[in-house]
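Visitor: Next input, structure requested:
(one chain, ligands or ions: 1)
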Amino acid sequence: MLGDRDYRQLIKNAIDSIGREIQPKIDPNDIKTIHLHEVVRCLRRSYFDRVEPKDVERRGFTDLVSGLLRNMKYGSKSGEFKMEDISLNGQADMIVDDAVIIFRSANKLPENPIARDLLYLNTCLVIFDKIDGILIYITGDRQEASFSLSRNKKMFQEVARRIRILNNLLKEKKVPILEPSDECSNCQYYEKCYLPQKTSQTISLTELVGIRQN
Ligand code: SF4
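Guide: Okay, the predicted model is just below:
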């Protein structure tokens with residue numbers, strides 16, 4: 001706190017509003033259009049984001065790297081892949097020399113690429129009909145690690161399966177099952193999933209006696 005201003009809050013508000021501005025725009029009612037980021041992460045979270053959304057809490061500017069790159073159009077590209085009556089929309093952060101590049105922010109550099117990021121990159125390779133891709137992790141203290149990937153058919157089949165599941169559950173208005181993972185600890189729906197509200201009902205002593213006598 002400096003003077004009368006709470007600068008921490010000011011920064012948080014700036015991060016939140018930039019985050020809102022750059023996040024992929026989804027029409028929640030258009031269930032025939034599925035966005036790639038929705039199916040590589042927890043399907044339950046993506047379902048809630050469409051049906052009863054709650055703002056996500058962003059931790060810092062590094063969380064915005066990928067979104068900012070996409071919005072600056074510095075080599076980023078949007079694409080679509082048709083799966084029968086469903087359109088899958090995906091966006092590559094950059095396409096350079098025929099390789100798809102995806103950036104992800106990280107608190108510390110991972111030893112191995114995170115599964116959902118691999119699925120995202122691999123699906124971009126399918127959408128943009130490319131063979132090779134690179135996944136780059138960047139930390140707040142400017143360290144980076146990169147991993148390369150060649151297009152993998154089996155990995156895409158898993159994404160295709162999840163696209164159909166999300167589409168069906170949205171159609172039937174059924175909440176997807178829990179997908180416990182490291183994603184849960186930063187998820188805005190954590191309480192909804194793991195700390196359900198108690199529906200307490202007060203029963204008076206007379207009511208209780210009445211129940212027993214019946
Ligand atoms: S808390 Fe976990 S299981 Fe629940 S919606 Fe979030 S990521 Fe999915």
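
Visitor: Surely P28 is within a strand?
Guide: No. Using DSSP: H, G, I helix; E, B strand; the rest coil, the assignment for P28 is coil, not a strand.

Visitor: what sits against it?
Guide: Counting by C-beta atoms under 8 Å, 6 or more residues apart in numbering, P28 touches 49-51, 53. All C-beta atoms are positioned from the backbone trio N, CA, C, and that covers glycine.

Visitor: now, which of those sits nearest I131?
Guide: Out of those, the one with the shortest distance to I131 is D49. That distance is 31.9 Å, counting by C-beta to C-beta.

Visitor: that older thread, of the contacts of P28 - the most surrounded one?
Guide: The residue in the contacts of P28 with the most neighbours, by other C-beta atoms under 10 Å, is D49 (20 neighbours).

Visitor: And that one, how close does it get to S185?
Guide: Look at D49 and S185: by C-beta to C-beta, to the nearest Å, they are 17 Å apart.

Visitor: try D98
Guide: 37 Å.

Visitor: For G133, which non-adjacent residue is closest in space?
Guide: Take G133 and drop its neighbours on the chain: the residue closest to it by C-beta to C-beta, 6 or more residues apart in numbering is V100, 4.1 Å away.

Visitor: which residues does the one you found contact?
Guide: Contact partners of V100, counting by C-beta under 8 Å, 6+ apart, are 92, 94, 121, 124-125, 128, 130, 132-134.

Visitor: Ramachandran coordinates for it?
Guide: For V100, the backbone dihedrals are phi -90, psi 130 (criterion: degrees, to the nearest 10).
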